[in-house]
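Colleague: One predicted model, sequence on top.
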Amino acid sequence: MKIEWTEPAIGALQAIHDFIALDQPFYAARFADRLTVAAERLVDFPKLGRKVPEARRGEARELVFQGYRIIYRVRPDRVQVLNVLHGSRDLSRMKPKPWNTG
């Protein structure tokens, strides 16, 4: 099993890094690295996260890391990271839905 980051997930991680870097460049890189390491745990434990409650049906799962939701889905040979969002975001109002990417 391997981790595959989709373009929306890569863009979201970069945006999080850039936002933190406005005030704390060192901590921005460190946070992005730690979030990436947290996602890599899914290689060994792909069902570690819960199903995304807002998705209602489907295979979207999420792993929460320090207030951020790592949205992913499990495929037979890989875990696809679909998006990374702050936990305060209202996913039910987002268009497109973060689990409908990739």
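Modeller: Everything's here; your move. Fair warning: this is a prediction, and the values are worked out from it, not measured in the lab. Residues are numbered from 1 along each chain as shown.
Colleague: in this structure, which spans are helices?
Modeller: 7-21, 25-40 (DSSP state H).
Colleague: contacts for the last one?
Modeller: It refers to helix 25-40. 3, 13, 16-21, 63, 65-66, 68, 70, 72, 79, 81, 84 (Cβ atoms under 8 Å, 6 or more residues apart in numbering). (Glycine included, C-beta is placed from N, CA and C.)
Colleague: and if we set it to 7 Å?
Modeller: Contact with helix 25-40 is made by 3, 13, 16-17, 20-21, 63, 65, 68, 70, 81, 84, as judged by Cβ atoms under 7 Å, 6 or more residues apart in numbering.
Colleague: possible to save the residues you listed as TSV with distance to Trp99, neighbour count and pLDDT?
Modeller: Output for the contacts of helix 25-40, formatted as TSV (distance: Cβ to Cβ, whole Å; neighbours: other Cβ atoms under 10 Å; pLDDT from 0 to 100):
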residue	distance to Trp99	neighbour count	pLDDT
Ile3	17	17	96
Leu13	16	21	96
Ile16	18	18	95
His17	22	18	96
Ile20	25	17	95
Ala21	27	15	96
Leu63	13	21	96
Phe65	17	19	95
Tyr68	15	21	95
Ile70	12	24	96
Val81	11	25	96
Val84	12	28	95
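Colleague: hmm, back to that, tell me which of the helices of the chain sits nearest to Gly49.
Modeller: Closest to Gly49 of these is helix 25-40 (Cβ to Cβ; 9.8 Å).
Colleague: Format the CA atom coordinates belonging to that closest one as PDB.
Modeller: Provided in PDB are the C-alpha atoms of helix 25-40 (Å, rounded to 0.1, in the frame of the first residue of the first chain):
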ATOM      1  CA  PRO A  25       8.300  30.200   8.500                       C
ATOM      2  CA  PHE A  26      10.100  27.600  10.600                       C
ATOM      3  CA  TYR A  27       6.900  26.300  12.100                       C
ATOM      4  CA  ALA A  28       5.100  26.200   8.800                       C
ATOM      5  CA  ALA A  29       7.600  23.700   7.400                       C
ATOM      6  CA  ARG A  30       7.500  21.700  10.600                       C
ATOM      7  CA  PHE A  31       3.700  21.600  10.600                       C
ATOM      8  CA  ALA A  32       3.500  20.500   7.000                       C
ATOM      9  CA  ASP A  33       6.000  17.800   7.600                       C
ATOM     10  CA  ARG A  34       4.200  16.500  10.700                       C
ATOM     11  CA  LEU A  35       0.900  16.500   8.900                       C
ATOM     12  CA  THR A  36       2.500  14.500   6.000                       C
ATOM     13  CA  VAL A  37       3.900  12.000   8.500                       C
ATOM     14  CA  ALA A  38       0.500  11.600  10.100                       C
ATOM     15  CA  ALA A  39      -1.000  10.800   6.700                       C
ATOM     16  CA  GLU A  40       1.700   8.300   6.000                       C
END
